[in-house]
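*Asks:* Mind folding the following:
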Amino acid sequence: MQSGPSPGRKVPNVTLGLRIDFVGASQVLTDGSPRLSVSVEMFGGTMSAHRRGLSQVIRTGGRAVLSRRSRNSAGVLGVPLSKGQTKAGVELTPSALRKAGLLIKMEQLGCSVFDYGDLAFQDVPQTDWNTSWSVACAVHQVAKAVCRVIRDGHTCVTLGGDHSLALGSVYGHSMAQQNPAVIWVDAHADINTPLTSPTGNLHGQPLAFLLHELQDKIPSLSEFSWLSPCLSARDIVYIGLRDVDPAEHFILKNYGLRYFSTRDIDELGIRKVMEMTLEYLMPHSKRSIHLSFDIDAFDPSVAPATGTPVPGGLTVREGMYIAEELHNSGALSALDLVEVNPRLGSGPGAADVTLNLAMDVILSCLGKMREGMHTKGYRLPMPPTEKREEGEVQASREV
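*Replies:* A predicted model of the protein is given here:
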């Protein structure tokens, strides 16, 4: 059993240390303000580069991967978006998670929490392909908001909302940091095009809009004129697939996307799946990771309050392991938690069970450990010294 470092403590150097300062390497943001002086710290050792969680900033193309120091700072963004599918209630989740104490629990982990509030969306008429202008406008807002959170130096925690929000969150991540890797934990592939989707619901299409290789299969939609593809097939890994439409299966097989179905997890085990995922996405150096976690990746027996449940899903232990390993990687820059619907689920307590599981995923991504943990600087209480006890006895006799 391997134990990790205490929260907030640096992993010690093992064999070598290297520090590089990029002084004067400026980056001008959209508001015209410069960003100066970027540091890189790399510490060698015998552990896998993907599992060390060591402080590292990689400067590429004028954009930076967040350092480990920034992992203790989280920006929370509520996205009460439900128009990407047809079941009301999913828009209630950001507020429900706050009321359940998510932000307080994040602070108890030692995170500096910055609440960016909930985005407000306005309904506008729908267009052809059953694609809503409402969704297009909403995910554009999401993109700008996520970009801002990451550029402010925080890990972006996006509370959904349906999975169509990932159209904006992944795009916004790519605006802030070059070439993010995407880990899509979901029962569904969400890579139908508007022409192949059986339902027309946009929550089943976000990756098709974002993928370079599929752009000739996407019809021209004026409401998405602001959007351009930001991912290649090589940038994505799926975990937990078990309900894939025929067109999606064709795309997975013919466009070179990496995926681990629940059968693969059964055969390999979740530890091996995560090792292969991180080695595939980061074979030589770190890059920022975007985790888009649909609660229906879990089995409905543990996450009943969701709109498209599919039997045979992840166990709680498997889901927590995914989150813990991404925290340990030191590369997680953005997290979506989507498709919790407090109005759904059979039986009393379904909503609470699912909300609590969603919180556990988020907290594990931010450093919560199932083995237990303690705050930095914690000290065990000491019993009174013998000298002090004798003094107290003498004082009582004199009285």
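
*Asks:* quick check: longest helix of the protein.
*Replies:* helix 133-151 (DSSP state H).

*Asks:* residues making contact with that helix?
*Replies:* With contact meaning CB atoms under 8 Å, 6 or more residues apart in numbering, helix 133-151 is reached by 29, 66, 75, 77, 79, 81, 83-84, 114, 116, 119, 121-127, 156, 158, 164-165, 167-169, 171-173, 175-177, 202, 221, 223-224, 226-227, 333-334. (Each C-beta comes from the backbone N, C-alpha and C, glycine too.)

*Asks:* rerun at 6 Å
*Replies:* Applying CB atoms under 6 Å, 6 or more residues apart in numbering, the contact partners of helix 133-151 are 75, 77, 79, 81, 83-84, 119, 121, 123-125, 127, 156, 164-165, 167-169, 171-173, 175-176, 202, 223-224, 226.

*Asks:* what do you get for stretch 236-248?
*Replies:* So stretch 236-248 is contacted by 182-189, 191-192, 196, 257-262, 277, 297, 310, 312, 314 (CB under 6 Å, 6+ apart).

*Asks:* Out of those, which sit inside strands?
*Replies:* Members of the contacts of stretch 236-248 lying in strands (criterion: DSSP state E): 182-185, 258-261.

*Asks:* for the helix or strand hosting residue 274, packing partners?
*Replies:* Taking DSSP states H and E as the criterion, residue 274 maps to helix 270-281. Judged by 3 or more CB pairs under 6 Å, 6 or more residues apart in numbering; DSSP states H and E, helix 270-281 is in contact with helix 316-329.

*Asks:* Next, the angle from the helix or strand just after the helix it packs on to helix 133-151.
*Replies:* As assigned by DSSP H and E, the chain's next helix or strand after helix 316-329 is strand 332-338. Between strand 332-338 and helix 133-151, the angle comes out at 150 degrees (axes from the mean of the first three to the mean of the last three CA atoms, to 10 degrees).

*Asks:* how far is strand 332-338 from where the chain is centred?
*Replies:* 2 Å (CA atoms, centre = their mean, to the nearest Å).

*Asks:* Same question for stretch 185-194.
*Replies:* With CA atoms, centre = their mean, you get 17 Å for stretch 185-194.

*Asks:* same check, this time on stretch 366-379
*Replies:* That offset, for stretch 366-379, works out to 20 Å (CA atoms, centre = their mean).

*Asks:* Check the spacing between residue 204 and residue 315 real quick.
*Replies:* Note on residue 204: its distance to residue 315, by CB to CB, to the nearest Å, is 25 Å.

*Asks:* Same question for residue 104.
*Replies:* In terms of CB to CB, residue 104 sits 27 Å off from residue 315.

*Asks:* picking up where we left off before, which of the ones in strands among the contacts of stretch 236-248 tops the neighbour count?
*Replies:* residue 184 (28 neighbours; other CB atoms under 10 Å).

*Asks:* wait, it sits on residue 292?
*Replies:* Yes: when contacts are counted by CB atoms under 6 Å, residue 184 is listed as touching residue 292 (5.2 Å).

*Asks:* Could you pull out the helices in the protein for me?
*Replies:* Using DSSP H, helices in the chain cover 93-99, 102-108, 133-151, 166-176, 206-210, 246-254, 262-268, 270-281, 316-329, 350-365, 386-398.

*Asks:* residue ranges with poor pLDDT in the stretch 251-399 of the chain?
*Replies:* 386-399 (pLDDT under 70).

*Asks:* And for the stretch 51-200 of the chain?
*Replies:* Using pLDDT under 70, the stretch 51-200 of the chain drops low at 51-71, 123-131.

*Asks:* quick one: contacts for residue 168?
*Replies:* 139, 142-143.

*Asks:* filter those residues to the buried ones?
*Replies:* 139, 142-143 (16 or more other CB atoms under 10 Å).

*Asks:* Kindly reformat these as TSV containing distance to residue 327.
*Replies:* Putting the buried ones among the contacts of residue 168 into TSV (distance: CB to CB, whole Å) gives the following:
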residue	distance to residue 327
139	26
142	23
143	25
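
*Asks:* what are the bridge partners for the nearest residue to residue 273 once chain neighbours are set aside, then?
*Replies:* Nearest residue to residue 273 in three dimensions, chain neighbours excluded: residue 260, at 4.9 Å (CB to CB, 6 or more residues apart in numbering). Residue 260 has these beta-bridge partners by DSSP bridges: residue 239.

*Asks:* Report the central residue of the chain.
*Replies:* residue 335 (1.8 Å; CA atoms, centre = their mean).

*Asks:* For residue 140, give its distance to residue 220.
*Replies:* From residue 140 to residue 220 the distance is 17 Å (CB to CB).

*Asks:* These two - which one has more neighbours?
*Replies:* residue 140 (18 against 6).

*Asks:* on that earlier part again, look at residue 104 and residue 315 and report which has more neighbours.
*Replies:* residue 315 (14 against 10).

*Asks:* Once you drop chain neighbours, what's closest to the more buried one?
*Replies:* Closest to residue 315 by CB to CB, 6+ apart is residue 299, at 6.7 Å.

*Asks:* Great, nothing more from me.
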